[in-house]
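# Model the following, please.
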Amino acid sequence: MTGFSDSAQAMSLVAFSAVATITLLLCVMTGPDRDDLDEFYTGYSSLSAMRNGLAIAGDYISAATVLGTGGVIALCGYDGIVLALSTVLSLMLLMFLLAEPLRNAGLFTMGDALARRMPGRAVRIAACLVTLAALLPLMLVQLAGTGQLLAFILGFSGDSLKTGVIIGLGILMISYAAIGGMKGTALIQIMKIVMLLGSGAVVAVLVMNRFDWDLAALFDTAARQSGVGPAYLRSGLEFAGGPYPRLDMIASQLAVVIGGACLPHVTMRMYTASSARQVRRSMSWAVSSVAVFVLIITVVGVGATAMMGRAVIAEADPQGNTAYLLGSRAVFGTEVSTGETFLFTTVTTALFLTLLASVAGMILACANSLAHDVFAARARSMPAHREILLARVSALAVGVPTIFLATLIQHRTLQPLVILSFCVGASALAPALVYSLFWRRYTRTGLLCTLIGGTLTVLLLMPGTNLVSGSPVSAFPEADFNWLPFTTTGLVSIPAGFLFGWLGTVISGRRKAEEQRRQYEAVEGWILAGAVRRG
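Have a look, this model is predicted:
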């Protein structure tokens, strides 16, 4: 059964309206009340380690992660579980390698962290452009998916209604970023992660209870209902149609593990920690929260296949994006009580809040980068009130084109855009951050080559992947210009990003490299140990 009852739809609509009203009111109440850059960009680093960690987890777990990863688990079994575990590994990579140096080197944005050693407008502009390139596709995916998701929950099918939902929610998300600033969006992220984990944990318990707490029985039933038998519990099902399934899987895991850790809306939360100790504790909370989420989505995703069958899930959505909802609905059976309807409404509201919070955080990261790295860096001493106004206008400048593009692509397969974001993070931002924070001889030319070369490599290779054309589930199924035998560009673009950085540094000459080495050694202890934070 894929349809939802009238009472569930009515309760969901009321809950969505209430959540939208309450969260906007909270943004107004907690937003900056004075013209202070530190308050707008970091909330005065006033969040406790637990709250900051929950906000990091909220930013990291996007709607694309909940719906997309849940779908891959439901449809592909083992491969989906490995993908979910990769998200935890990615956050652990950020925790152990980059979190503290990022917090020590940066101030408000990714451009601050990269320009600390190599000041200059070119570096800041390049950082801003790559931030936009990494986050715009993810924002499009989540905004465009909003119309489809709410249509599925509330039972309407008109394109005009879906477009109206996208526009309305897009305006709401712009308001969150412009009014709430870092502190307001952090509060929404905390609400989102608490609701998502709380409602998901209850559904996961119900799924396990239905199978008498026998994990083997759950997986065996899912394998039988998958239609592919034991292959559901083995590696290779997701990429079985490609010529190199093992390599394709490795490339996808690399993009998720390396790229997810470096996306700007996640790394900006490092700057809100007041000390190196607090950033470590915050990341511990974030990793723990994401690990619990992975357990929940694994049980719910596999449970959806076990209870409904893979064919029913694929029929509702070929990518499986509705699997999490279908699994939550199926666990109640045909006779649904008022309490179960309320629980299902909580699940749908948590997903709705996830959509709102994810895009709001990304809009804020893009707006902050535009205002601080492009416009404020142009003026020697821009007044704080003017920079904050620019950040709010930038939120509008980023959000309006995103809404327009989302309405245009809402009927296309959106998976290529998710992969594009992670590949840009892995191929441009990851090499730039690793080299900037740890390589003494790294030069400005090397940094620009990394950012620009890595991004261009991804943009040039991505149209050739099998997600864009050449298969019935690609973005352009009627065309076939697929020449790259992989789902992602990671195997080529990630090494290319590191290679561009090395080549750029080499062609800068030994004199420039030595100059950079001396400059880095002067601040090495501060970046790596973090005894004092520079303003």
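# List the residue ranges of this structure that fall below the pLDDT cut-off.
Applying pLDDT under 70 to the chain flags residues 1-5, 33, 35, 44-45, 334-337, 379-380, 530-535.
# At which residues are the strands of it located?
Ranges of strands within the chain: none, based on DSSP state E.
# Any idea how many residues pack against residue 506?
Neighbour count of residue 506, defined by other Cβ atoms under 10 Å: 15. Every C-beta, even on glycine, is put in place using the N, C-alpha and C of the backbone.
# Please report how far it lies from residue 513.
To residue 513, residue 506 is 8 Å away according to Cβ to Cβ, to the nearest Å.
# Over to residue 125?
Distance, residue 125 to residue 513, using Cβ to Cβ: 23 Å.
# Over to residue 440?
For residue 440, the distance to residue 513 equals 9 Å [Cβ to Cβ].
# More neighbours: these two, which one.
With neighbours defined as other Cβ under 10 Å, residue 440 and residue 513 compare such that residue 513 has more, 18 against 15.
# Excluding chain neighbours, what is closest to the more buried one?
Excluding the flanking residues, the one nearest residue 513 by Cβ to Cβ, 6 or more residues apart in numbering is residue 441, at 4.1 Å.
# That neighbour: how many residues sit nearby?
So residue 441, with other Cβ under 10 Å, has 18 neighbours.
# got it, and residue 342?
13.
# From one end of stretch 377-392 to the other, what's the distance?
End-to-end distance of stretch 377-392: 16 Å, with Cα to Cα, to the nearest Å as the criterion.
# Also stretch 40-58?
Using Cα to Cα, one end of stretch 40-58 lies 19 Å from the other.
# who touches the closest residue to residue 514 other than its chain neighbours in this structure?
Distances taken as Cβ to Cβ, 6+ apart place residue 441 nearest to residue 514, at 7.5 Å, with adjacent residues excluded. Applying Cβ atoms under 8 Å, 6 or more residues apart in numbering to residue 441 gives the contacts 505, 513-514, 516-517, 520.
# Surely residue 238 and residue 71 touch.
No - Residue 238 is not in contact with residue 71 according to Cβ atoms under 8 Å; the separation is 10.7 Å.
# Surely residue 153 touches residue 325?
Yes - at 6.9 Å, residue 153 and residue 325 qualify as touching, with contact defined as Cβ under 8 Å.
# between the two, what contacts are shared?
Counting by Cβ under 8 Å, 6+ apart, the shared contacts of residue 153 and residue 325 are residue 348.
# Quick check, residue 470 in contact with residue 484.
No - Residue 470 is beyond contact range of residue 484, at 9.9 Å (criterion: Cβ under 8 Å).
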